[in-house]
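Asker: Pasting the sequence and the predicted model now:
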Protein chains: 4
Amino acid sequence: MKGSATNTFGILTSGGDCPGLNAAIRGVAKAAYGLYGMKIIGINNGFKGLIEDDTGILKPEDFSGILTRGGTILGTSREKPFGKVKDNDFSVDMKLDAIKENYKKNNLDCVVMLGGNGSHKTAALLKEQGLNIIGLPKTIDNDIYGTDITFGFHTAVDIATEAIDRLHSTAHSHNRVMIIEVMGHNAGWLALYSGLAGGGDVILIPEIPYHMDSIKDHLKNRAKSGKQFSIVVVAEGALSYEEYKMDKKQLKQKRKDPGYQSKAYELAKDIEDKTGMDVRISVLGYLQRGGTPSPYDRVLATQFGTVAAELLYKGEYGNMVAREKDDIIAKPLEEIAGKLKPVPQDHILLKNARMVGTCFGD
Amino acid sequence: MKGSATNTFGILTSGGDCPGLNAAIRGVAKAAYGLYGMKIIGINNGFKGLIEDDTGILKPEDFSGILTRGGTILGTSREKPFGKVKDNDFSVDMKLDAIKENYKKNNLDCVVMLGGNGSHKTAALLKEQGLNIIGLPKTIDNDIYGTDITFGFHTAVDIATEAIDRLHSTAHSHNRVMIIEVMGHNAGWLALYSGLAGGGDVILIPEIPYHMDSIKDHLKNRAKSGKQFSIVVVAEGALSYEEYKMDKKQLKQKRKDPGYQSKAYELAKDIEDKTGMDVRISVLGYLQRGGTPSPYDRVLATQFGTVAAELLYKGEYGNMVAREKDDIIAKPLEEIAGKLKPVPQDHILLKNARMVGTCFGD
Amino acid sequence: MKGSATNTFGILTSGGDCPGLNAAIRGVAKAAYGLYGMKIIGINNGFKGLIEDDTGILKPEDFSGILTRGGTILGTSREKPFGKVKDNDFSVDMKLDAIKENYKKNNLDCVVMLGGNGSHKTAALLKEQGLNIIGLPKTIDNDIYGTDITFGFHTAVDIATEAIDRLHSTAHSHNRVMIIEVMGHNAGWLALYSGLAGGGDVILIPEIPYHMDSIKDHLKNRAKSGKQFSIVVVAEGALSYEEYKMDKKQLKQKRKDPGYQSKAYELAKDIEDKTGMDVRISVLGYLQRGGTPSPYDRVLATQFGTVAAELLYKGEYGNMVAREKDDIIAKPLEEIAGKLKPVPQDHILLKNARMVGTCFGD
Amino acid sequence: MKGSATNTFGILTSGGDCPGLNAAIRGVAKAAYGLYGMKIIGINNGFKGLIEDDTGILKPEDFSGILTRGGTILGTSREKPFGKVKDNDFSVDMKLDAIKENYKKNNLDCVVMLGGNGSHKTAALLKEQGLNIIGLPKTIDNDIYGTDITFGFHTAVDIATEAIDRLHSTAHSHNRVMIIEVMGHNAGWLALYSGLAGGGDVILIPEIPYHMDSIKDHLKNRAKSGKQFSIVVVAEGALSYEEYKMDKKQLKQKRKDPGYQSKAYELAKDIEDKTGMDVRISVLGYLQRGGTPSPYDRVLATQFGTVAAELLYKGEYGNMVAREKDDIIAKPLEEIAGKLKPVPQDHILLKNARMVGTCFGD
């Protein structure tokens, strides 16, 4: 440990379950413990465990054999220390005091946090409060600003694509339009990738508001050319042009309406109305983020984890580990916090997709 | 072809898409053509194609390489010649006349029909009308009377189990109750098998009406023993004891109500209300019946297909091919038509499941 | 535990790794512990652990979450207490004394053994020696006498079929004969099932000696009909007619020759020589028996496990749990020990396979 | 087609089968035909088809539905027009004359070639001869100079990793060293990626000559720390330090020796001799390059294909499509021909792998 800036650090997973969390934990732990001899404190159930001092020492047997396992051995929660206080029991101030106290009590030199967008915002705020913190970008949405890719994303692409493959045969056999709704409230990466991989005929993403008429024309043209079936891949956050023009409050209202089930249902009704075609829906839901990580994500999570260990060693706190081009680097938390990474309008994949005939409804 | 009772036969797939249809078509065709030299007429889109004379000769290249392919190369429809006439264009009589005419016109000695329960009822009625017909039992529900197993079932079990595996990690990481709804309106085979294979803690099937209180107790007991998460596998047709006591009309009414989404949603609300636990839902839907058949189903469908070819050769028309114990046999259509095969209350699997701690809510 | 014949039992896994071992252990343990409150002693590394008293109490947390996991949490070995004594350190008598002593020392009322053919022979001999023992039939070969099916088999079929699927595209693209060698020294179940599921053109199993000329004719005929590629699925123990006529000693000699690599290599050379076709080989090896069990095997292993627990409860020792038709029953160990279950010459699957054009080389 | 430099082009697949070939063909064809209205000539079985004028027009139905299919609809061969002439029937000159003649005869403006290293060398030479040619980099080895990635690679990583996962359970259950040999004669990308994804304890690649003693020490240390099993992932072209020092001719000689089976066998013997451990081997072979492409490869192949169509449109012939960072670009064939892309000694993945404890034997 000689020369290491970090003697002891805590590690927690925050936000939704995501494939690769255990692989990343193992990456951090194997390098930090095996190479540098650091002491590792597992913090249970996200920031909740830091507030409630629900912790325990991680030993080699704890992170052995977890590379392939889904979920997170540490448990997770959506606790946001700076967020709204639901039950009034704890104010933000009380939570922060608890966090600082437990940070000290556990002799932490740093907290390694595996989380998504919201969690990195929290991390940046804790940095402001004087805590040493290092973030690792996990989310199946791939929408974290500052990194080309997040772990969990490609596993979700694999799952969604396999689902599209299955729906293809049903669509074909029944001459149906099958709509598959995948995750992605703010970014369409998952819909775009899995849609292209699955040969989706229409792909709808939040970044490109769609016109029902363009979709109708596309489906009709396919039917004319002899293809009576079509696959529509839609991100849950996709917006019609009408929704796009609404103010956000109005839109939120609309989607909270008990009659509104999800984007796929709305779309199905619209397509049936406009085309008279037989439409079916599949909402992929939680399947997209559970289970064993894909090889791609295992490698990526391992890389992120080992680089985090290096930052711990060097004392380069306050950063998120990120991939930029082919390199794994460190990005200051304040630079990335609160920002999103939507699919850019000029992204090459959009161009490629259009060239093979994908309709985006624009 | 010397000695063959059948010179020419038609083949059609009827009802919902199901893994193994192409494997079965290939099995029939390879044996009937390769061994016996019969002429094979493909009838498109189920009974619709027979009514509309939408047919074509099947040649070896048509059934080569389709063993592993999902869907059906013949297309399918839910057309029921004896069923309600939707659009008044065709009366049942007109349809039957068309069927008989096209049967003759195509010089058919028999029609081989791959279908589920409803389609076998149709087949039995066509038999009554003097047509030669042979049925092959396909359905992911495994609920066809007269056969121990149907092709498509084990593929659906594989898909549902993989989904349960994925949800397990999310349930565990978040300390949640995850409800997964699988297909099965009238029979719980799929929920029972996949639930047991996936280690479901609660399995709800139409055959065993459930008491919410039993489920609550079970989940609470698990929580007490340290397992804060649970997996509930529910067939779409599962019934609470209250529903079970309703008359059928009343129940149908209830489920048609726009506020009623599906069994999983209702259950989620009930469990949240009764236990205060965090519940999430996944409705598996169409994923369960698309895509490449599992090896088990490829073998079974091939077996059914070759036995159908043998029946064609021998002129043993009017039967459904069925598996009974380890044998593949022929069952007269009138014996099986209109009957269901629910999970028997004393089925050994129910006993085995209970022994490892599965709660059925009874 | 009142009324239970068994208070304490040991459990061990013996012989080669096999998917479903953990599922079966969990089945036994959940029922025996949860329903009947028995004490469970895990015996490590097969009979070796019984000889060396390498044991430990199994607690609920040990068998929780292992349903889907490959391998065996108990470890396994090929130790045969009645077998040849390799290193002279222990005679058979010494081993038996140790086994009896440790059986007593651990207060065992019975030993549950998960094993294949050889291990069940051992179990029968231990029964003769006065030990209570219950066997569970595991093997990917499905060759255990007295049970219709063994757990592990269908997982191996899935793995082998997936491999055949992959080889198909290479065979097709390159106009090659691809030979895939699967496990099966004495029985061809795995080759037969996976070969049929994968659409193998030639399937060679130990039960049907093959003539190279029949294979040659079949491949040539396929080529003539425009199919320049073929898939040959061969069990490692397949025999040419010449080998079949050899005495066993001679055959053993031949296969021990350093120049003899495996059946697939020999076959490749023969086919190239006889047909001039381009041949490639794939020997599947250990892949066939590792990893997570298929849903089918998880259910079967769970069933076997729970029935074993019931036998423990009732004191019905000295049996192997077996499936016969659709029932799970108990078979006296002495009835099944030392016998094999080859594919019968009149097995229906052989007939079905031949009907779709499979060549067995006979 | 107005404004398009290309009216008609030929397309061929050359060299070994590789997942994603059909996806790439579809990508080229959908864009070239759908967007630009070009005429597409399919050339069968690689350069062989160009020499023998074995061609046919590709129509939309030919490239519909092939995105997910393994192999290549065009067939492939290892024919190298500039290579050694095996059977003396055709000299290089005769082949070139035939190629030029058929190029003209088919009115080709360009040939799109999907191939690996050797095929791109051929492409560069044909460019020198005045032919318009565009290359697409396919190989599971990922060793084509000038592009960050090739399609086929990640599918092979997925297959190899799944195999390693399966072997893990066997290794663990039996306390064995399992050696898995993956493809890679000249580059270790596949071994490195799959080894890291599968948690390999030792990874041996051609780029880093290994010392048996380092491996021995690593395995012994693992055993000391309680891990009696280990996974060794080895590229077929891995070199011991002794082999590394040999001259190439000598090494070639050694590997051609009938007693030399493959690197895995040699390694197994060495490890058994040095450590006394129980070692088993799995040679993955052809499984690595057949079957449906992974979603990653489908997207990548589609991208490469659409960019190739764009180059056809613009008349930017003589290039290989390549990915550089996040962009898809064109690289002049002469710049990349004859060069390899081994894993650089300072590649970040090597560093990451070492940090989690991977032994490279150096």
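Answerer: Perfect, I can see it now. Values in this document were obtained by computation on a predicted structure and should not be read as measured data.
Asker: shaky segments in chain A?
Answerer: Within chain A, the stretches with pLDDT under 70 are A:1, A:84-89.
Asker: Domain parsing of chain A, as residue ranges.
Answerer: Domains of chain A are assigned by automatic domain parsing as A:8-151+A:293-336, A:154-289.
Asker: The last one close to chain C?
Answerer: No: counting by C-beta under 8 Å from any C-beta of the partner chain, chain C has no neighbours in domain A:154-289; the shortest distance is 13.9 Å. (Each C-beta comes from the backbone N, C-alpha and C, glycine too.)
Asker: now that domain, how far from the centre of its chain.
Answerer: Distance, stretch centre to chain centre, for domain A:154-289: 19 Å (C-alpha atoms, centre = their mean, to the nearest Å).
Asker: Need the distance between the two termini of that domain.
Answerer: This stretch, domain A:154-289, spans 10 Å end to end (C-alpha to C-alpha, to the nearest Å).
Asker: for the longest one, same thing?
Answerer: With C-alpha to C-alpha as the measure, domain A:8-151+A:293-336 spans 26 Å from end to end.
Asker: quick one: is that domain near chain C?
Answerer: No: using C-beta under 8 Å from any C-beta, we find that domain A:8-151+A:293-336 stays clear of chain C, coming within 9.6 Å at best.
Asker: Is that domain positioned near chain D?
Answerer: Yes: contact of domain A:8-151+A:293-336 with chain D (C-beta under 8 Å from any C-beta) involves A:26-27, A:30-31, A:34-35, A:60, A:64, A:67-68, A:148, A:294-296, A:298-299, A:302-303, A:305-307, A:309-310, A:325-328.
Asker: and if you look at the shortest one?
Answerer: Yes: judged by C-beta under 8 Å from any C-beta, domain A:154-289 comes into contact with chain D through A:154, A:157-158, A:161, A:165, A:193-194, A:196-199, A:225, A:227.
Asker: Among those residues, which lie within strands?
Answerer: When those are checked against strands using DSSP state E, none is located there.
Asker: mind listing the strands in the stretch 251-362 of chain A by residue range?
Answerer: For the stretch 251-362 of chain A, the strands defined by DSSP state E, counting those that start in this stretch occupy A:279-283, A:319-324, A:327-332.
Asker: which residue lies farthest from the center of chain A?
Answerer: Relative to the centre of chain A, the most outlying C-alpha is that of residue A:224, 38.5 Å out, by C-alpha atoms, centre = their mean.
Asker: Give me the neighbour count for the nearest residue to residue A:130 once chain neighbours are set aside.
Answerer: Counting by C-beta to C-beta, 6 or more residues apart in numbering or on different chains, residue A:100 is the residue found nearest to residue A:130 once chain neighbours are left out, at 7.9 Å. Residue A:100: 15 surrounding residues under other C-beta atoms under 10 Å in any protein chain shown.
Asker: which other residues reach the strand or helix carrying residue A:100?
Answerer: According to DSSP states H and E, residue A:100 maps onto helix A:92-105. By C-beta atoms under 8 Å, 6 or more residues apart in numbering or on different chains, the list of residues contacting helix A:92-105 from outside reads A:10, A:47, A:50-53, A:55, A:81-82, A:85, A:90, A:111, A:126, A:129-131.
Asker: Dihedrals phi and psi, residue A:16?
Answerer: phi -70, psi 150 (degrees, to the nearest 10).
Asker: if I pick it, what's in contact with it?
Answerer: Residues in contact with residue A:16, defined by C-beta under 8 Å, 6+ apart, are A:76, A:78, A:116, A:139, A:289, B:174.
Asker: Not including adjacent chain positions, what is the nearest residue to the residue nearest the centre of chain A?
Answerer: The centre of chain A sits closest to residue A:139, judged by C-alpha atoms, centre = their mean, with a distance of 2.2 Å. Closest residue in space to residue A:139, ignoring its immediate chain neighbours: residue A:116 at 4.0 Å, by C-beta to C-beta, 6+ apart.
Asker: any idea how far chain B is from that neighbour?
Answerer: 14 Å (C-beta to the nearest C-beta, to the nearest Å).
Asker: Do I have it right that that residue meets residue A:142?
Answerer: No: contact criterion C-beta atoms under 8 Å: residue A:116 and residue A:142 do not qualify, at 10.2 Å.
Asker: And these two? Which one has more around it.
Answerer: It is residue A:142, of residue A:116 and residue A:142, that has more neighbours when counted by other C-beta under 10 Å, with 25 against 21.
Asker: how about the more buried one, what does it touch?
Answerer: A:149, A:150, A:153, A:187, A:189, A:190, A:341.
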